[in-house]
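Pasted the sequence and its predicted model underneath.
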Amino acid sequence: MEWSNWSGLESARPSRVVRPGSVAAVVAEVERARARRSTVKMVGTGHSFTAVAAPEETMLVPSGMTGIVSVDREAMTVTALAGTRLQDLNEGLELLGLSLHNMGDIAEQTIAGAVSTGTHGTGGIAGGLAAQLAGLELVTGTGELLRASAEENPDVLETARVGLGALGILTTLTFRVEPLFLLEAREEPMAWDAALAAYDEMTASSHHVDLYWFPHTDRTLVKRNDRLAAPPDEAEPLPRWRAWLDDDFLSNQLFGVLAAGANRVPGVIPRMNQLSARALGARTYSDVAHRVFVSPRHVVFKEMEYAVPRADGLEVLRECRRVVEAADVTVSFPVEVRSTPADDVPLSTASGRDSLYLAFHTHRGADHRRYFGLVEPVLRAAGGRPHWGKVHSMTADDLAGVYPRFGDFLALRERLDPERVFANAYLRRVLGA
């Protein structure tokens, strides 16, 4: 069986595929791999653009380990099995009248994969999913089932919240949650200079801000999401026809056709972006949080994203634009700009510092290497940290220089997986042998 990720950038041919239906089955597979001096990896849905989850020998598929298993309304926590997709967790929480504090804009990931790679949203009281974890359970490389919380193995919880799959196989995750709430979404086109001039004020006054710049233009789209005091049953979502037209047809179906065609005739891309940016209109609607945070993504793309220090972020964005415009390169996808507060997770891209995220995309049929190669040196020079699940070229030596607690992570890895049962080529590159 061949495994490949969503973008098609990475693939592997594991020698064995197992669908464990219990924690005991996961323990058995880890013990088997250890006895044979081989490796085992649990894969998710493949939405990482890197080979962080690529299996070399045994591949575990978590389809039999899904669903919410417990709710603690006093502590306001919810525990779910690691193979649960974010979409299913969100829908389950909604039925319980609960919600995550914040999330990214893709819901097809498993919760284990999303947490392990540092998936984040923008703004909010908790920028990343990992910062919302109150506990976890994992199977270590020695076959031990280890539980971690503030009271039990707190050092493991602190570090394993973004564990890259290198510390163990996650089996359950416990999230801090809150009562279900509404978000009002306001989306409007803005000129480049106006958007960057207002960005700090917007992020200070709105709960969540997402900005998109259309390369080869002076146009951006700004999305501002703010919490409402109204109860969830007072939501005013977009009419179905408008949601289908904007988010399904225009943003996915039509855009996918145009972007694929532009790969063959790249000279049309600047004009296409100009027309697309000028066609954008303002809209306002409200809905329960997860329906506002999440966007449908039917067009397959490739992505590189770095987190840079928030204070320097807008100037880094300006420099990236200068580099792109000075080169003979055409880019059909917008550049996405988000920000998050600092957290205390050792390998979180926001660890210890407020961060601005700059995400660069290409259509899956386009050659991403020159474009990403142009902007990556700018991001690295600014002290950027790459998203663990997105394309980048950094190695363990590079990463040790931008993560003050990199050594702490390696020490825990040595303790939990001394024989490297969970290793693969990507982890050897970013963590060392």
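All right, it came through fine. Numbering: from 1, shown residues only.

CA atoms for contacts and neighbours, from now on please.
OK.

does residue 199 count as helix, strand or coil?
Secondary structure, DSSP: H, G, I helix; E, B strand; the rest coil: residue 199 is helix.

My error: substitute residue 308 in the last question.
Taken by three-state DSSP, the conformation at residue 308 corresponds to strand.

Report the contact partners of it.
Taking C-alpha atoms under 8 Å, 6 or more residues apart in numbering, we find residue 308 in contact with 355-358, 379, 382-385.

would TSV of those with neighbour count be doable?
What follows is the contacts of residue 308, written out as TSV (neighbours: other C-alpha atoms under 10 Å):
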residue	neighbour count
355	28
356	27
357	28
358	25
379	22
382	17
383	17
384	25
385	27
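
and of those residues, the nearest to residue 155?
Taking C-alpha to C-alpha as the measure, residue 155 lies nearest residue 385 of these, at 22.8 Å.

from what I can see the closest one touches residue 349, true?
Yes: the criterion here is C-alpha atoms under 8 Å, and residue 385 meets it with residue 349 at 5.8 Å.

Now list whatever residues contact both of the two.
residue 307.

which residues in the stretch 101-250 of the chain form strands?
Here the stretch 101-250 of the chain has its strands, by DSSP state E, counting those that start in this stretch, at 133-139, 145-149, 169-176, 178-179, 182-191, 208-213, 219-228.

And the strands in the stretch 251-400 of the chain?
Here the stretch 251-400 of the chain has its strands, by DSSP E, counting those that start in this stretch, at 283-288, 301-309, 335-340, 355-363, 385-386.

Which among those is found nearest to residue 145?
For those, the distance to residue 145 is smallest for strand 385-386, at 30.4 Å, taking C-alpha to C-alpha.

The closest one pairs with which strands, and in what direction?
Within its sheet, strand 385-386 is paired with strand 301-309 (antiparallel), according to DSSP bridges.

Work out the gap between the strand or helix carrying residue 30 and the centre of the chain.
If you go by DSSP states H and E, residue 30 is part of helix 23-35. Taking the mean of its C-alpha atoms, helix 23-35 sits 28 Å from the chain's own mean (C-alpha atoms, centre = their mean, to the nearest Å).

repeat for stretch 425-433
20 Å.

Which strands or helices does the helix holding residue 30 pack on?
On a contact count with 3 or more C-alpha pairs under 8 Å, 6 or more residues apart in numbering; DSSP states H and E, helix 23-35 meets strand 40-42, strand 133-139.

What pairs with the first one, parallel or antiparallel?
Spelled out, it's strand 40-42. strand 58-60 (parallel).

could you point out which element follows the partner strand?
strand 68-72.

Determine the next helix or strand in the C-terminal direction from that next one.
That would be, after strand 68-72 and using DSSP H and E, strand 77-81.

Give me every residue in contact with that following strand, excluding its own residues.
65-72, 89, 134, 171-177.

Count residues in the vicinity of residue 431, would you?
The tally of other residues near residue 431 (other C-alpha atoms under 10 Å) stands at 21.

Identify the residues contacting the spatially closest residue to it that is not a sequence neighbour.
Sequence neighbours aside, residue 396 is the residue nearest to residue 431 in space, at 4.8 Å (criterion: C-alpha to C-alpha, 6 or more residues apart in numbering). By C-alpha under 8 Å, 6+ apart, the residues touching residue 396 are 429-432.

Tell me the spacing between residue 396 and residue 343.
Relative to residue 343, residue 396 is positioned 22 Å away (C-alpha to C-alpha, to the nearest Å).

And residue 265, by the same measure?
Separation of residue 265 from residue 343 (C-alpha to C-alpha): 44 Å.

Between those two, which is the more surrounded one?
Applying other C-alpha under 10 Å to residue 265 and residue 343 shows that residue 343 carries more neighbours, namely 19 against 10.

Name all residues that make contact with the more buried one.
126-127, 131, 350-353.

ok, so of these, who is nearest residue 304?
Residue 304 has its nearest neighbour among the contacts of residue 343 in residue 350, at 16.3 Å by C-alpha to C-alpha.

Can you tell me which of the contacts of strand 77-81 are buried?
With burial judged by 16 or more other C-alpha atoms under 10 Å, the buried subset of the contacts of strand 77-81 is 65-68, 71, 89, 134, 171-177.

I figured residue 339 was touching residue 357, is that so?
Yes: when contacts are counted by C-alpha under 8 Å, residue 339 is listed as touching residue 357 (5.8 Å).

count of neighbours near residue 322?
12.

can you pull up the bridge partners for residue 68?
Counting by DSSP bridges, residue 68 is bridged to residue 80.

Low-confidence ranges, this protein, go.
Scanning the chain for pLDDT under 70 picks out the ranges 125-126, 241-258.

So which residue is smack in the middle of it?
residue 119 (3.1 Å; C-alpha atoms, centre = their mean).

Can you give me every residue that contacts that residue?
For residue 119, the contacting residues are 103-104, 128-130, by C-alpha under 8 Å, 6+ apart.

If we ignore the residues flanking it in sequence, what's nearest residue 202?
If the residues on either side of it in the chain are set aside, residue 202 comes closest to residue 209, at 7.1 Å by C-alpha to C-alpha, 6+ apart.

Buried residues, stretch 148-167. List them.
Going by 16+ other C-alpha under 10 Å, stretch 148-167 has these buried residues: 148-149, 156-167.

can I get the residues you listed in CSV with distance to residue 18?
CSV is the format used below for the buried residues of stretch 148-167 (distance: C-alpha to C-alpha, whole Å):
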residue, distance to residue 18
148, 26
149, 29
156, 27
157, 27
158, 30
159, 28
160, 24
161, 25
162, 24
163, 22
164, 20
165, 17
166, 19
167, 20
